[in-house]
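Undergrad: give me the fold of what follows.
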Amino acid sequence: MANKSSFLSELSKETVFTTVVHRIPALIYLGDDKILSFAEHKMSTKNAGPAVLDMRAGKVNRNKGTDPEVTIKWSELNPVKEAQLPGCHPMNPCPVYEKDSKTLFLFFICVKDGVTEQWQISNNKNETHLCYIKSTDDGQNWSKVTVFTENELVEIKHWAAMAVGPGHGIQMESGRLIVPLYAYYRKNSSRFSLCLYSDDQGKSWRLGNKLKTDSNECEMAEVFDDKGNSILYCNARNKKNRVEAVSYDGGEEFPCSCDNKSKLVDTDTGCQGSVVSFPDQSEVQPVRNKWLLYSHPTDKNRNNLGVYLNKTPQDPTQWSKPSIINSGPSAYSDLAYIDDGWFVCLMECGKLTEVDQIACRVFNYNDVEQAIAE
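TA: Numbers count the residues shown, from 1 in each chain. From the prediction side, this is the model:
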């Protein structure tokens, strides 16, 4: 179902992370034209080696003239040295922002050096720590690492491996913070997506119940039904079709999934995808109505990253055809909505391989509509 249109892919893009090997992009928009990008900085493409999480802060510049334009000026690269545990390597940056207290949480996992996810699953031994650091000055300074224990999150003791995101978390209109997770059970190695949530501005955290369908890396977004009731939407990686599920209680339960109806196809081995909700752009529906934008490679070999639009988020059959946002090798991505109909996509891409660089592309809703119409 790939659309061969190259309109979006012809828009300018900017390299954000490139030295050595950067992987696993994450974005968070803080409001007031401030955006932060994160990525793993590795010494090689292997997931078991040394790594550090890098950050670049961005300033959104808006030209609101007759030909509106939005650009981002990125700061110098800044290693997040606080996101470390001795003898472990950090992975999967997943930022979430608490707007009232202006607190930025950076969730991540720390895995014992030399250990892979597959080793943990095969040996039924979880060598992963679920962690976060936080900042009250937009990432200029960070707290010490907080590590969740099995006493705090009892369910962890039943897991063989786990990870956050990767990508961004969200804050719902109720104030609830949502951090997407996935894990593998011990014994049968079944895998599932779920979320970690907080109702007290991040002072305490609880785990929701898992999706009932085989699922993996995931992101979540808040939408609303016709009566204005909140719905938490989850889009997760699988081996064939994407898993789409909804929760009516803010992520505590995901009673059913609709992957058998989904039009969204995964790659041969599966690949992370990003989803973000944004205000209805028709100027006809209630302001509270939300649409979804989703990014993912459009073929089975991790090529041609596309964005898909759904104006009826509760119906998985209503996804548009993809609009190509990056032609050529592409893999993981993260989307951010930066208001006024504008989006940023941070993506793994390259000419030879999908891990040559992490670049960002800025585009607006009209660009998406135009590309879909081609």
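Undergrad: for the longest strand seen in the chain, which residues meet the burial criterion?
TA: Among the elements of the chain assigned as strand by DSSP state E, the one spanning the most residues is strand 323-337. Buried residues in strand 323-337, defined by neighbour count with 16 or more other C-beta atoms under 10 Å: 323-326, 328-337. (Glycine included, C-beta is placed from N, CA and C.)
Undergrad: now do it: which elements does it pack against?
TA: On a contact count with 3 or more C-beta pairs under 8 Å, 6 or more residues apart in numbering; DSSP states H and E, strand 323-337 meets strand 21-31, strand 274-279, strand 290-297, strand 303-310, strand 342-349, strand 357-364, helix 365-373.
Undergrad: make JSON lines from those and add mean pLDDT and mean neighbour count to it.
TA: JSON lines is the format used below for the helices and strands packed on strand 323-337 (pLDDT from 0 to 100; neighbours: other C-beta atoms under 10 Å):
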{"stretch": "strand 21-31", "mean pLDDT": "95", "mean neighbour count": "23"}
{"stretch": "strand 274-279", "mean pLDDT": "97", "mean neighbour count": "24"}
{"stretch": "strand 290-297", "mean pLDDT": "96", "mean neighbour count": "24"}
{"stretch": "strand 303-310", "mean pLDDT": "95", "mean neighbour count": "24"}
{"stretch": "strand 342-349", "mean pLDDT": "96", "mean neighbour count": "25"}
{"stretch": "strand 357-364", "mean pLDDT": "95", "mean neighbour count": "22"}
{"stretch": "helix 365-373", "mean pLDDT": "89", "mean neighbour count": "17"}
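Undergrad: make CSV from the ones you listed and add distance to residue 225 to it.
TA: Shown next, in CSV, are these (distance: least, C-beta to C-beta, whole Å):
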stretch, distance to residue 225
strand 21-31, 25
strand 274-279, 13
strand 290-297, 10
strand 303-310, 14
strand 342-349, 24
strand 357-364, 27
helix 365-373, 22
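Undergrad: looking at the ones you listed, which is closest to residue 158?
TA: strand 21-31 (25.6 Å; C-beta to C-beta).
Undergrad: what strands line up against the helix or strand following that closest one, and which way round?
TA: As assigned by DSSP states H and E, the chain's next helix or strand after strand 21-31 is strand 34-42. Strand 34-42 sits in its sheet next to strand 21-31 (antiparallel), strand 51-63 (antiparallel), going by DSSP bridges.
Undergrad: may I see the buried residues of the helix or strand harbouring residue 70?
TA: Assigned by DSSP H and E, residue 70 belongs to strand 69-74. Using 16+ other C-beta under 10 Å as the burial criterion, the residues of strand 69-74 that qualify are 70, 72, 74.
Undergrad: doesn't residue 253 lie inside a helix?
TA: No. Residue 253 is assigned coil when assessed by DSSP: H, G, I helix; E, B strand; the rest coil, not a helix.
Undergrad: nearest residue to it other than its sequence neighbours?
TA: Distances taken as C-beta to C-beta, 6 or more residues apart in numbering put residue 209 closest to residue 253, at 5.2 Å, once the chain neighbours are dropped.
Undergrad: quick one: the one you found and residue 194 touch, right?
TA: Yes. Between residue 209 and residue 194 there is a contact at 6.6 Å, judged by C-beta atoms under 8 Å.
Undergrad: the two - which one has more neighbours?
TA: residue 194 (24 against 16; other C-beta atoms under 10 Å).
Undergrad: check contacts around that one.
TA: 181-183, 207-211, 251, 254 (C-beta atoms under 8 Å, 6 or more residues apart in numbering).
Undergrad: element containing it, please.
TA: For residue 194, the element it lies in under DSSP H and E is strand 191-198.
Undergrad: tell me the contacts of residue 51?
TA: 40-43, 89-91.
Undergrad: and which of these is nearest to residue 240?
TA: Closest approach to residue 240 among the contacts of residue 51 (C-beta to C-beta): residue 91, at 25.4 Å.
Undergrad: now do that closest one against residue 321, distance only.
TA: Noted for residue 91: a distance of 33 Å to residue 321, by C-beta to C-beta, to the nearest Å.
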